[in-house]
Each structure stands twice: as structure tokens, then as C-alpha cells.
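Colleague: Need coordinates for the below:
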Amino acid sequence: MKKIIFLFFLLLTVIAISALTTLKPKSATPQVKSQQTQDVKELTEILSSNQETRLKGTRKLAERVGVEQALEIVQKSGLPYTGEGHLAVHQIGFYAYKIYGKDAILHCKDYYLYACYHGAIIEAATDQGFPVIKEMTDRCKSLSSRYFQCMHAAGHSIMAIWNYHMPEALKTCDDLFEKNQLIPDTLTSCHNGVFMENLFGVHDWGTGQEIKRDWIGDDPYFPCDYFGQKYQKGCWLNQAARIYQMNKGDLKKTGEVCNAIKNHQNRAWCMDNLARQIHPLTEGHVEKAYSLCEALPSQWYQECVIVNAVSYFSVGDPQTGIRVCNQFPNQGQPACTNRIIPMITSGNFDTVTKRSLCNLLQPEFSGKCQRSI
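Modeller: Model (predicted):
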């Protein structure tokens with residue numbers, strides 16, 4: 001079966017966060033962020049403005065120093081926390097599967113919106129088909145945030161294996177995971193990955209093969225309005241990215257289209273995804289999160305800022321996420337901080353790091369955070 005790889009728009013997402021989709025980053029070569037990485041010979045390629053060069057450089061680094069060390073080097077390198085950065089780290093996940101097989105995800109870290117997990121599961125599914133996806137995702141259950149991302153990666157790989165035939169891909173998610181949903185939103189995370197792959201996937205990267213997309217249309221609400229209720233969340237948490245494309249990057253117009261959705265819950269999911277389109281535009285500057293969110297309808301402003309704070313956690317930059325909340329004026333600060341405290345206390349951090357992050361919160365919230373560890 002041919003190798004698959006997808007172009008992830010950020011973030012991500014999901015968180016899931018969705019998933020997260022991210023915007024295409026600027027082509028300028030990023031600067032090296034850490035003195036510790038400056039002697040790494042692959043950095044010139046990893047930080048190249050050419051994405052193919054980035055992918056090859058990241059793979060070479062993993063092959064030379066191993067999965068764990070490669071992840072640490074890339075995380076400190078200054079590689080952008082964007083779709084292209086996420087995609088480069090997929091290469092480490094691909095290599096992890098080659099070395100560790102089904103246990104590859106046990107050697108991954110959460111950096112770049114769980115890109116290593118995504119790469120490992122995609123490579124496993126490509127190698128062994130659908131049954132191995134269930135085995136791989138079960139290995140993620142020790143941490144709920146990691147599990148959601150593994151499920152999300154499963155959706156990506158399922159969609160690409162089906163050559164972008166969305167009904168079959170969604171049905172495969174259902175067949176694999178619908179009977180086992182002890183963790184809420186398990187199935188939705190798989191659906192989310194399918195819809196995101198539909199928008200941004202690249203099948204058979206490097207072969208020049210034309211991308212097949214039968215499930216992208218000129219209707220801004222398609223394909224969400226085609227599928228039944230259980231698929232709505234996964235679809236709308238990605239659809240703003242498509243609407244944003246159709247409106248040529250106009251945040252205000254995209255917000256108006258999302259805000260016109262009749263169903264309140266679908267509208268909220270669309271606005272959530274739009275807020276995630278803003279995240280890479282902030283370029284790590286807290287003030288930009290506030291100013292860019294002003295393009296959305298006013299009733300969605302506070303939620304937009306909070307989603308951006310959460311997105312920084314998702315891409316491995318919790319300190320900036322905390323700054324977004326700390327500088328949020330008036331009633332927005334408690335709402336924002338209460339959203340990120342569980343991300344600190346339940347995140348994939350050691351206890352020392354959790355306490356350190358809690359200490360970065362405003363004093364009135366730091367104690368609550370510490371007590372929750």
C-alpha cells in the first residue's frame with residue numbers, strides 16, 4: 001500500500017482540538033531558537049523555506065540521533081508551530097514506526113500538535129491496514145489528550161487509505177470505534193481526522209499524483225449539510241478552514257458565514273474552528289490574538305481569545321497560552337484561566353513542570369492550579 005501523508009493546517013487543533021487546522025505559514029526561513037541546536041548539521045534543511053527540504057532534513061535527523069532526541073532537537077530549533085512544521089515532525093513518527101513498530105507512540109512526545117503520534121499511526125495503517133489502527137490507538141489510552149490525538153490521526157490515515165472516499169472513511173471509523181466509547185468524543189475525534197484530511201491531505205506525497213477531492217465544493221456548508229447528526233461535530237470543527245479559503249483569507253467574511261449557520265451548536269463549532277485559523281497568524285504575539293479576534297462577531301470575541309490560548313498549549317507552547325489568559329482584561333481572564341488549568345494539571349507534563357506552569361498564572365489562580373495537581 002502506498003505511503004500517505006497529510007498537510008496539517010494546525011493546529012491543532014484539537015483539538016482537538018480538534019482538530020486543528022492551521023494556515024499556510026510564511027515562507028521565510030525561521031531563526032534558530034536554542035543555542036543547544038545550533039551545531040545540529042540537519043538544521044539548515046529543517047529550517048529551510050522549502051517544505052520538501054524540511055521533510056527530508058527531519059527524517060535524516062531522526063535516522064541519525066533517534067526518535068526521542070530528534071523530537072527534543074526539533075522542538076528547540078525554531079521550526080514554526082504551523083502546518084508545515086507539524087508535517088515535518090510526521091517524519092519522526094514515520095521513523096518511529098520503522099524502529100519500534102506498534103510501540104512507536106510510546107516513544108513520541110506531544111510536540112507540534114502530536115505530530116509524531118500522527119506519523120506513527122499513519123505509517124502503521126499504511127503498512128498493516130485498518131486492524132492495526134485499533135491496536136495502536138489502544139496504546140494511547142493512558143492519557144486522554146494523547147488518546148484523542150491518536151484517534152484523530154486514525155481518521156487521517158483511514159481517509160487517505162480509502163483514497164478520500166469520505167462515506168467509506170467515516171463508516172470505517174464507526175466500525176472500529178463506535179462500540180468502545182468509554183472516553184467521550186472518541187468517535188468524533190476519528191471523524192474529525194477524516195474531515196481534516198479531506199481538506200488538507202496529500203496522498204502519495206512526492207509522486208506528483210493529482211489529489212482526489214470529491215467532497216469539497218463551492219457550497220460553504222458542504223459536506224457538513226450532507227451527513228447525518230453524528231458526523232456534525234467532526235465536520236464543523238474543520239469547516240471554517242474551508243470557508244476561510246473560499247473568502248481568500250478574510251476573517252470578517254468567514255465569521256459572517258459561520259455566524260449565519262442556523263443551528264447554534266454547529267455555529268459554535270464553526271466559530272471555534274475560525275478562532276483556530278487565527279492562531280498561526282498571531283506568530284506567537286499575544287497582542288495579535290486580541291486584535292485579530294476582533295474581526296469576529298462581537299459575541300464570539302471572548303471565546304476566540306480563549307481558543308487561541310488553548311491552541312498554544314496544543315502546539316507545545318503553554319507559556320504563551322498562559323500569557324494570553326494573564327493579559328486578558330476584565331471578566332475574560334477567569335474564563336480563560338479556568339479553561340487552561342485542566343490542560344496544565346492533566347497534561348503530559350511531569351509534576352515539576354506542572355507546578356512551574358501553575359506558578360506562571362496570576363496569583364489568584366495559581367493556588368487552585370497547584371491544588372489540582
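Colleague: Run through the strands of the stretch 151-300 of the chain in chain order.
Modeller: 201-203 (DSSP state E, counting those that start in this stretch).
Colleague: who touches the residue nearest to Leu251 when sequence neighbours are not counted in this structure?
Modeller: Setting aside the residues directly before and after it, Leu251 is nearest to Ala295 in space (Cβ to Cβ, 6 or more residues apart in numbering), at 3.8 Å. For glycine as for every other residue, the C-beta is placed from the backbone atoms N, C-alpha and C. By Cβ atoms under 8 Å, 6 or more residues apart in numbering, the residues touching Ala295 are Leu251, Lys252, Gly255.
Colleague: Counting neighbours, which of these end up buried?
Modeller: With neighbours counted by 16 or more other Cβ atoms under 10 Å, the contacts of Ala295 contain buried members at Leu251, Gly255.
Colleague: Redo the contacts of Ala295 as a markdown table? Include distance to Leu199.
Modeller: Formatted as a markdown table, the entries for the contacts of Ala295 read as follows, by distance: Cβ to Cβ, whole Å:
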| residue | distance to Leu199 |
| --- | --- |
| Leu251 | 18 |
| Lys252 | 21 |
| Gly255 | 18 |
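Colleague: Run through the stretch 1-150 of the chain and note the low-pLDDT ranges.
Modeller: Within the stretch 1-150 of the chain, the segments meeting pLDDT under 70 span 1-38, 143-145.
Colleague: Packing partners of the one helix or strand Tyr147 maps to?
Modeller: Secondary structure assigned from DSSP states H and E places Tyr147 in helix 144-161. With contacts defined as 3 or more Cβ pairs under 8 Å, 6 or more residues apart in numbering; DSSP states H and E, helix 144-161 has these neighbours: strand 4-6, helix 15-18, helix 111-128, helix 130-138, helix 166-177, helix 186-200, strand 201-203.
Colleague: Let's have these in a markdown table, adding distance to Glu63 and mean neighbour count.
Modeller: What follows is those, written out as a markdown table (distance: least, Cβ to Cβ, whole Å; neighbours: other Cβ atoms under 10 Å):
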| stretch | distance to Glu63 | mean neighbour count |
| --- | --- | --- |
| strand 4-6 | 17 | 24 |
| helix 15-18 | 30 | 29 |
| helix 111-128 | 14 | 27 |
| helix 130-138 | 22 | 18 |
| helix 166-177 | 31 | 19 |
| helix 186-200 | 26 | 28 |
| strand 201-203 | 22 | 20 |
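Colleague: Thanks a lot, catch you later.
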